[in-house]
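[1] I'd like to go over a predicted model; first the sequence, then the structure.
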Amino acid sequence: MEVENGQNEEKQDPKQQQDIADNPNENVIRERNAEIVSGGNVFYNPVQEFNRDLSISVLNVYSQILAQERLEKEAKKKRKQQSETNESSPEIAPTYEAGTRYDDGLRILEALAATGLRSIRYAQEIAGVREIIANDLSRQAVESIQTNIKHNKVEQLIQPSHADAMTLMYLSSVPEKRFDVVDLDPYGCPNRFLDGAIQCLNDGGLLLVTATDMAVLAGNAPEACYVKYGSVPLRMKCCHEMALRILLHCIEGHANRHGKYIEPLLSVSVDFYIRIFLRVRVGQAQCKLSMSKQSWLFQCTGCESFALQPLGITKPNPTKGNPQQLKFGIPTGPQVNSQCSNCGHRHHMGGPIWSAPLHNLEFVAKLLDAVKQKPLCDLTTQRRIVGVLSMVQEELPDVPLYYTPDKLCCVLKLEIVPMLKFRSALLHSGYRVSYSHASKNSLKTDAPPSVLWDILRSWSKRHPVRPERMIEGTPLKAILSQPCSKDYEFDRLHIDANPKSRLQALSRFQENPTPHWGPGTKATIMVGENKLPKSFRNQNKKQRRKDESNDGIVPEKEEEETEAKQVKLDN
Ligand SMILES: C[S@@+](CC[C@H](N)C(=O)[O-])C[C@H]1O[C@@H](n2cnc3c(N)ncnc32)[C@H](O)[C@@H]1O
Ligand SMILES: [Zn+2]
């Protein structure tokens, strides 16, 4: 491992330096106060500004929480040492300023830093930082990081590092070298970095992970997903939420191997990627609960109804010494019959997936509050952050995955039930509903699939299916041949049918912002509003391939990325 100190200007391509000097406004990427002047062929994706803005918001809130927790721990320790009579006053966490170094601040590792833009923005915009290590395996990237650190005058906070991320993280797993925060933002799949990241985090440390290999996570290649993430995905309309749950399952497995467990703070599916923010904690006892946080997934091959079956269950088993004591067991199953009770078809089985909550709602509330105030309210993508977090807050926390009315109606060849009517029918019948932030058309509900089909049978009375569609052996025939139990109320709008985020028309979903929008092929050559010339574009592509092959990494296939966009657009 080589952690380089100081600047290394000589290694910068002299022609590039000349270009920048001749034309200071050319090839400069600006994001908030950060300026990237590297001029190198290093990865930059402007579409990820939302990702960086959201991460900065999360890290600011996390920094406050950690400071408060440390203070309380100290105070508790002191109180123990002091006599009862000598009560100490309650302590308030210090106020930090962004851009200043604090000895008790966060130690952050950006393991795959490319131009260093993210680290520079972290240095400029996160209050309470001790040190940021901006690491990359590509020499060219590190040279670019060094130039950009100097240009942005953040040398006091960022240390460039030229190393393989895995080696760096393993060497940082000794207590005195551990980090409070590790950010993994790789091309494609993050799996190879997870084990090292888990080991080099302090107890309660924050892990930020991006995955862009959505085609694999969304079920296009189950065999590849199993190899990478240890989980079998199914092709479902809720593929984006399933992707989050597969990645969480994978990270929890890595954590458990080291006597640790995860606590997801926020898990979002955005554009063409997913991003997860979670705390990693130490605790053998808590690890025993992991089995009951994962589930197998059954999906009917006919009507696509799904059911989850937890790998484990817990029951209270209070003892004298521990009233909270639990007993662990294995549930009986399977949750579904060999043939679907709705349409008679057989099932696919997938998973395991993470079936515990995706977010910590207390944290999300703090975050939402913070992004509405200075300085975070000035972030370029603040409106979208508020929109996404508001939807996240409204999601049913205990209902994994979702249906979409268009798919359900498509199975029965019915006119699509408008969302508000569908939601009203469910709510009037006593079920809970919500959207998922991951899809505009999502219908998350605690109603069993049999009720959803019953609602559609009721709907089919007013919008009958053409008789020639009633073909023997189809899910349509099987479902519509059953009697409808009651008339559902579609037309009386339920007061909760239209959630706040929708009523307030918050910016919840992004339209394609650029012509070549995606995980980092053509979009990477956008500089500000302008596209770079073709020569730069080709050079950039070649360099990416070279960097990836130099790193001994099997490059994510271009097709996978294109498919990922397709998956997003299809939904
Ligand atoms: C998607 S880019 C990172 C983008 C950056 N985080 C940002 O926000 O702009 C991925 C980077 O990972 C680097 N990389 C790939 N494999 C690596 C490894 N094993 N160790 C360190 N860096 C690696 C590549 O050189 C590339 O610069
Ligand atoms: Zn079925």
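    Sure thing, it's come through. Residues are numbered from 1 along each chain as shown. Ligands and ions are numbered 1, 2, ... in the order given.
[2] Residues of the stretch 251-400 of the chain that sit close to ligand 2?
    With the criterion set to Cβ under 5 Å from the ion, the stretch 251-400 of the chain comes near ligand 2 through 300, 302, 303, 305, 340, 342, 343, 345. To be clear about C-beta, it is placed using only N, CA and C from the backbone, and glycine gets the same treatment.
[3] Show me the strands in the stretch 401-550 of the chain, by range?
    Applying DSSP state E, counting those that start in this stretch to the stretch 401-550 of the chain gives strands spanning 433-436, 439-445, 526-527, 530-531.
[4] between those strands, which gets nearest to ligand 1?
    strand 526-527 (12.8 Å; Cβ to the nearest ligand atom).
[5] Against ligand 1, which of the residues of the stretch 251-400 of the chain next to ligand 2 make the cut? List them.
    Subset of these in contact with ligand 1: empty, counting by Cβ under 6 Å from any ligand atom.
[6] so of these, which ones are in strands?
    If you go by DSSP state E, these have residue 300 in strands.
[7] Not counting sequence-adjacent ones, nearest residue to residue 431?
    residue 447 (3.9 Å; Cβ to Cβ, 6 or more residues apart in numbering).
[8] From what I see, the one you found and residue 428 are in contact.
    No: the criterion here is Cβ atoms under 8 Å, and residue 447 misses it with residue 428 at 11.5 Å.
[9] residues in this protein within reach of ligand 1, list them.
    Neighbours of ligand 1 within the chain, by Cβ under 6 Å from any ligand atom: 43, 48, 112-115, 117-118, 135-138, 141, 164-165, 185-187, 547, 551, 553.
[10] how does it look with 8 Å?
    With the criterion set to Cβ under 8 Å from any ligand atom, the chain comes near ligand 1 through 42-45, 48, 51-52, 110-115, 117-118, 135-138, 141, 163-166, 168, 183, 185-187, 192-193, 210, 212, 520, 544, 547-548, 551-553.
[11] Student question: in the chain, what's the helix or strand with minimum average pLDDT?
    Ranked by mean pLDDT, DSSP states H and E, the weakest helix or strand in the chain is strand 526-527, scoring a mean of 30.
[12] Do a quick rundown of the helices in the stretch 351-500 of the chain.
    Counting by DSSP state H, counting those that start in this stretch, the stretch 351-500 of the chain has helices at residues 361-371, 382-394, 405-411, 419-428, 449-462, 475-480, 500-503.
[13] Near ligand 2, which residues of this structure? Just list them.
    Residues of the chain lying near ligand 2 (Cβ under 5 Å from the ion): 300, 302, 303, 305, 340, 342, 343, 345.
[14] so where do the strands sit in the stretch 1-150 of the chain?
    Counting by DSSP E, counting those that start in this stretch, the stretch 1-150 of the chain has strands at residues 29-31, 34-36, 101-110, 129-136.
[15] which of those sits most buried?
    Among these, strand 129-136 has the highest mean neighbour count (mean count of other Cβ atoms under 10 Å), at a mean of 25.
[16] Pairing partners for that one, with directions?
    Strand 129-136 pairs in its sheet with strand 101-110 (parallel), strand 158-162 (parallel), by DSSP bridges.
[17] can I get those strands in CSV with mean pLDDT?
    Output for the strands paired with strand 129-136, formatted as CSV (pLDDT from 0 to 100):
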stretch, mean pLDDT
strand 101-110, 97
strand 158-162, 98
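[18] want to throw those into JSON lines with distance to residue 247?
    Converted to JSON lines, the strands paired with strand 129-136 look like this (distance: least, Cβ to Cβ, whole Å):
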{"stretch": "strand 101-110", "distance to residue 247": "19"}
{"stretch": "strand 158-162", "distance to residue 247": "25"}
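[19] Tell me which of the ones you listed lies nearest to residue 489.
    Minimum separation from residue 489 across the strands paired with strand 129-136 (Cβ to Cβ) falls at strand 101-110, 52.0 Å.
[20] List phi and psi for residue 308.
    Backbone geometry at residue 308, expressed as degrees, to the nearest 10, gives phi -110, psi 140.
[21] What's the local residue count around the closest residue to it other than its chain neighbours?
    Using Cβ to Cβ, 6+ apart and skipping the chain neighbours, the partner closest in space to residue 308 is residue 295 (4.1 Å). Residues lying near residue 295 (other Cβ atoms under 10 Å) number 25.
[22] in which helix or strand would I find residue 295?
    Per DSSP states H and E: residue 295 is located in strand 294-300.
[23] From the contact counts, what lies against that strand?
    Other helices and strands packing on strand 294-300, by 3 or more Cβ pairs under 8 Å, 6 or more residues apart in numbering; DSSP states H and E, are helix 239-256, strand 306-310, strand 347-354.
[24] For residue 426, give me its contacts.
    Residue 426 sits next to 432, 433, 445, 447, 451, 455 when contact means Cβ atoms under 8 Å, 6 or more residues apart in numbering.
[25] Please report the distance of the nearest residue to it once chain neighbours are set aside from residue 349.
    Closest residue in space to residue 426, ignoring its immediate chain neighbours: residue 433 at 5.0 Å, by Cβ to Cβ, 6+ apart. Separation of residue 433 from residue 349 (Cβ to Cβ, to the nearest Å): 27 Å.
[26] sorry, back to before: ok, which of the helices and strands packed on strand 294-300 comes nearest residue 490?
    strand 306-310 (23.9 Å).
[27] Quick check: can you name the pairing partners of the closest one and their directions?
    Checking strand 306-310 against DSSP bridges gives partners strand 294-300 (antiparallel).
[28] ok so, going back, so if I had to pick from residue 433 and residue 349, which one is more boxed in?
    Per other Cβ under 10 Å, whichever of residue 433 and residue 349 has more neighbours is residue 433, with 25 against 13.
[29] Would you agree the more buried one is in contact with residue 427?
    Yes: here residue 433 lies in contact with residue 427, judged by Cβ under 8 Å, at a distance of 6.1 Å.
[30] which residues are common contacts for the two?
    Residues touching both residue 433 and residue 427 (Cβ under 8 Å, 6+ apart) are 496, 497.
[31] In contact with residue 199, which residues are there?
    Shown in contact with residue 199 (Cβ under 8 Å, 6+ apart): 169, 170, 173, 258.
[32] neighbour-wise, which of the residues you listed leads?
    Busiest of the contacts of residue 199 [other Cβ under 10 Å] is residue 169, holding 27 neighbours.
[33] Tell me who's in contact with that residue.
    Residue 169 makes contacts with 109, 111, 182, 193, 196, 197, 199, 200, as judged by Cβ under 8 Å, 6+ apart.
[34] and the next element down the chain from the host helix or strand of it?
    Using DSSP H and E, residue 169 maps to helix 165-171. Next in sequence after helix 165-171, counting helices and strands by DSSP H and E, comes strand 179-184.
[35] contacting residues around that next one?
    Outside strand 179-184, the residues that touch it by Cβ under 8 Å, 6+ apart are 55, 59, 62, 66, 106-112, 118, 133, 165, 169, 172, 190, 193-194, 197, 200-202, 205-210.
[36] Residue 447 and residue 428: who's more crowded?
    With neighbours defined as other Cβ under 10 Å, residue 447 and residue 428 compare such that residue 447 has more, 20 against 15.
[37] Double-check that residue 225 belongs to a strand.
    No: per DSSP: H, G, I helix; E, B strand; the rest coil, residue 225 lies outside any strand segment and is helix.
[38] Test my guess that it contacts residue 211.
    No: Residue 225 is not in contact with residue 211 according to Cβ under 8 Å; the separation is 10.9 Å.
[39] Show me which positions of the helix holding residue 169 end up buried.
    Neighbour-count burial for helix 165-171 flags 165, 166, 168, 169 (criterion: 16 or more other Cβ atoms under 10 Å).
[40] nearest to ligand 1, of those residues?
    Checking those against ligand 1 with Cβ to the nearest ligand atom, the nearest one is residue 165 at 3.4 Å.
[41] Right, I'll leave it there.
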